[in-house]
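A.B. asks: quick one, what's the 3D model for this:
(one chain, ligands or ions: 2)
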Amino acid sequence: MIFGAPFDSTCTFRKGTRYGPSGIREASHNFESFMLEYELDLLDIDICDYGDLDVTHLSPSEMVERINGFSKRLVADGKFPLLLGGEHSVSPGCAVAFDDVTVLGIDAHADFYDDFDDDRNNHACAMRRIADKFGKDRVMWIGIRQMGRAEYEAAPKVINSFKIFENGIDWTISEIEKMVGNGRLYISLDIDGIDPAYAPGTGTPVPFGLRPIDVKRIIDHFASRLVGFDIVEVSPPLDNGVTAVLAANILMEVIAAVHLRASEEKKG
Ligand code: MN
Ligand code: MN
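C.D. replies: Ligands and ions are numbered 1, 2, ... in the order given. Just a heads-up that it's a prediction; the model follows:
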């Protein structure tokens, strides 16, 4: 189930992610529903787009609560939540709806402050709130290039962007694998985890980021264990168009890869 959370009021630098869900949906209209690589037509899959939750004018804590209530119902119904942000503060509402998952953040930033601007639901605290529920040993990050010292000392498992370029994506996948094991995985994709050359339309771009193909490799590899996904920090007012297009294509990748792995498993 796709749903949007157009919320950007704790954003520190450049606002605009409230237009993320609609921008990503519009961009998705550019693509054929037939996925060449998988020989699969997305129109043949049961997908529902709920539309957006009415969160734009809520306080950060009300917003998280609203998203969490909605996500819990999806999880209880056995649905796969696909959340479109909004800024990164929307992610905890969805991720903590699960009882037990490993959470992988793909981000230029760790978002691991305990509070920021006197707000524990600020986007800079998103992964910290997720770790509050699952424990620090069940969250990890890849693609990080910017981190405060306090975050660095508090965060246990970070694979920074430079290490990924040095050791390759296969090595990165094997590192993630060690943590996920046979368990279930939730991925929170902050679009600024990808290099600004590919994803310029975001509030706090940072050079030396991941390539889109690296993110796709991770989605493909973990598709059978993936139970939830969010894409956050896409800001259409700052975009030349390609960021929303990339986010839309990643969304399609997640749907196709998860569907294929699930139907393979059914066949045994
Ligand atoms: Mn983030
Ligand atoms: Mn970020």
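
A.B. asks: stretch 124-140: which residues count as buried?
C.D. replies: 124-131, 133-134, 138-140 (16 or more other Cβ atoms under 10 Å). Where C-beta positions appear, they are placed from N, C-alpha and C, glycine not excepted.

A.B. asks: now the two most distant members of these.
C.D. replies: With distances taken as Cβ to Cβ, the most widely separated pair in the buried residues of stretch 124-140 is Ala124 and Arg138, at 20.2 Å.

A.B. asks: SS state for Leu83?
C.D. replies: strand (DSSP: H, G, I helix; E, B strand; the rest coil).

A.B. asks: okay, it: pLDDT?
C.D. replies: pLDDT recorded at Leu83 is 98.

A.B. asks: hang on, Val227 in a helix?
C.D. replies: No - secondary structure of Val227 (three-state DSSP): strand, not part of a helix.

A.B. asks: gap between it and ligand 2?
C.D. replies: 23 Å (Cβ to the ion, to the nearest Å).

A.B. asks: quick one: that residue from Glu253, how far?
C.D. replies: 16 Å (Cβ to Cβ, to the nearest Å).

A.B. asks: also Asp230?
C.D. replies: 14 Å.

A.B. asks: neighbour count winner among these two?
C.D. replies: Each of Asp230 and Glu253 has its neighbours counted (other Cβ atoms under 10 Å); Asp230 has more, 27 against 20.

A.B. asks: that one: what secondary structure?
C.D. replies: Under three-state DSSP, Asp230 comes out as strand.

A.B. asks: from what I see, it and Leu84 are in contact.
C.D. replies: Yes - at 7.4 Å, Asp230 counts as touching Leu84 under the criterion of Cβ atoms under 8 Å.

A.B. asks: between those two, which contacts overlap?
C.D. replies: Listed contacts common to Asp230 and Leu84 are nil; contacts here mean Cβ atoms under 8 Å, 6 or more residues apart in numbering.

A.B. asks: so what's the residue count around Arg184?
C.D. replies: Residues near Arg184, counting by other Cβ under 10 Å: 17.

A.B. asks: quick one: it from Asp119, how far?
C.D. replies: 30 Å.

A.B. asks: if I look at Arg25, what pLDDT would I see?
C.D. replies: On the pLDDT scale, Arg25 gets 98.

A.B. asks: near ligand 1, which residues of the stretch 51-200 of the chain?
C.D. replies: By the rule Cβ under 5 Å from the ion, the part of the stretch 51-200 of the chain lying against ligand 1 is 88, 107, 111, 190.

A.B. asks: how many other residues sit next to Lys79?
C.D. replies: There are 16 residues near Lys79, going by other Cβ under 10 Å.

A.B. asks: quick one, what contacts the residue lying closest to it once chain neighbours are set aside?
C.D. replies: Leaving aside its sequence neighbours, Lys79 sits nearest to Met1 (Cβ to Cβ, 6 or more residues apart in numbering; 4.7 Å). For Met1, the contacting residues are 47-50, 74, 79-82, by Cβ under 8 Å, 6+ apart.

A.B. asks: what pairs with the residue of the stretch 1-150 of the chain found nearest ligand 2 across the strands?
C.D. replies: Nearest to ligand 2 in the stretch 1-150 of the chain, going by Cβ to the ion, is His109, at a distance of 3.8 Å. Following DSSP bridges, His109 is listed with bridge partners Gln146.

A.B. asks: low-scoring stretches of this protein, by residue?
C.D. replies: By pLDDT under 70, the weakly predicted segments of the chain are 12-13.

A.B. asks: what segments of it are strands?
C.D. replies: Listed in chain order, the strands of the chain (DSSP state E) span 2-5, 34-35, 40-41, 49-52, 82-85, 102-106, 139-144, 158-160, 185-190, 226-232.

A.B. asks: can you redo the ones you listed as CSV with distance to Ala244?
C.D. replies: As requested, those are arranged in CSV below (distance: least, Cβ to Cβ, whole Å):
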stretch, distance to Ala244
strand 2-5, 13
strand 34-35, 19
strand 40-41, 22
strand 49-52, 15
strand 82-85, 10
strand 102-106, 17
strand 139-144, 19
strand 158-160, 27
strand 185-190, 14
strand 226-232, 10
